[in-house]
Each structure stands twice: as structure tokens, then as C-alpha cells.
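A.B. asks: below is the structure, and that's it, no one-letter string:
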């Protein structure tokens with residue numbers, strides 16, 4: 001038997017008459033009722049108003065519900081900067097090159113340097129930093145370029 005001549009069997013289509021092999025009268029929709037006639041919204045719960053799911057969920061109030069959600073930057077601690085070479089510039093490109101941050105996330109969220117850990121190298125930082133991080137960078141002999 002040749003494998004090229006064998007064709008995949010098509011799936012049976014619901015509700016296309018008795019001759020289609022699947023369907024006919026009610027075609028797996030049961031008997032009568034709203035759900036038998038046409039599509040019903042997933043969130044529809046009948047005439048249940050007082051304790052419906054939508055009523056039980058909390059509302060997000062204020063003007064912020066219409067705008068985009070805030071994007072928090074990716075946090076990079078000072079101790080991770082020890083992976084870079086001494087005296088190098090610290091920007092998004094160098095962090096991506098060192099594998100500390102992914103390129104896609106860095107472009108979308110941005111990067112901020114926080115002051116957790118110790119820094120042992122002199123670096124020129126071109127990224128936003130926290131006050132603790134900036135003091136540790138300056139103590140190690142580096143510069144913060146804005």
C-alpha cells in the first residue's frame with residue numbers, strides 16, 4: 001500500500017443534515033432551550049442578577065482603568081555588574097551582551113540599577129540608578145553619566 005495515496009479522513013461537520021454522518025435533528029445540542037438555538041455568551045448566567053459572577057468581581061475605580069497599565073523596569077542589582085569588564089560603559093547594550101538582561105525585555109520595560117550587593121569594579125553607568133546604587137558606584141571609583 002502506497003503511503004502517498006492514503007488520505008486523512010475529514011472530520012464530520014455537526015448539524016449538516018442526516019447524510020453528513022453526524023447530526024440531523026438536534027446534532028448534539030440536546031432538545032430545545034436557549035443553548036440549543038444559537039451561541040450564548042460564555043459569561044451569560046441567565047436572569048441571575050444579584051450574585052452573578054460579574055457583580056461579585058471588584059471594580060477597578062478611577063481614571064486609571066481606561067489607560068495602559070504601568071510598566072515597571074527590570075531590576076539589576078549592583079553585584080551583577082561585577083560580570084562586566086573594569087572601566088566599561090554600562091548601558092542596555094552591554095547588559096544584553098553580557099547576558100544579564102534579555103534584549104526584548106530591556107527595550108519594552110527599561111532597566112534600573114539597584115544597590116544590593118558589592119561592586120568591585122570601576123564602571124561608567126548610563127542607566128537610571130537608585131541612591132544606594134549610585135553611592136556604591138561612586139565609592140568603587142566609577143561614574144554616573146546621565
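C.D. replies: Yep, that arrived. Here the structure is a predicted model, which means the values were calculated and not measured.
A.B. asks: make it CA atoms for all contacts and neighbour counts henceforth
C.D. replies: Fine.
A.B. asks: what sits up against the lowest-mean-pLDDT helix or strand in the chain?
C.D. replies: When each helix and strand of the chain is scored by mean pLDDT, DSSP states H and E, helix 53-56 comes last, with a mean of 80. With contact meaning C-alpha atoms under 8 Å, 6 or more residues apart in numbering, helix 53-56 is reached by residue 49.
A.B. asks: ok now that helix, how far from the chain's centre?
C.D. replies: 25 Å (C-alpha atoms, centre = their mean, to the nearest Å).
A.B. asks: now what about the helix or strand following it, what contacts it?
C.D. replies: Going down the chain from helix 53-56, the next helix or strand is strand 74-77, by DSSP states H and E. Strand 74-77 is contacted by residues 105, 106, 109, 110, 111, 112, 113, 114, 115, 116, 117 when judged by C-alpha under 8 Å, 6+ apart.
A.B. asks: ok, now stretch 7-17?
C.D. replies: For stretch 7-17, using C-alpha under 8 Å, 6+ apart, the contacting residues are 20, 21, 22, 23, 24, 25, 26, 27, 28.
A.B. asks: contacts only, for the last one.
C.D. replies: Yep, that's residue 28 we're talking about. Here residue 28 is in contact with residue 14 (C-alpha under 8 Å, 6+ apart).
A.B. asks: that one: what secondary structure?
C.D. replies: coil (DSSP: H, G, I helix; E, B strand; the rest coil).
A.B. asks: I'd like to know how far it sits from residue 21.
C.D. replies: Distance of residue 28 to residue 21, computed by C-alpha to C-alpha, to the nearest Å: 12 Å.
A.B. asks: of the contacts of stretch 7-17, just the buried ones, PyMOL syntax please.
C.D. replies: Per 16 or more other C-alpha atoms under 10 Å, the buried members of those correspond to this PyMOL selection:
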select buried, resi 22+23+27
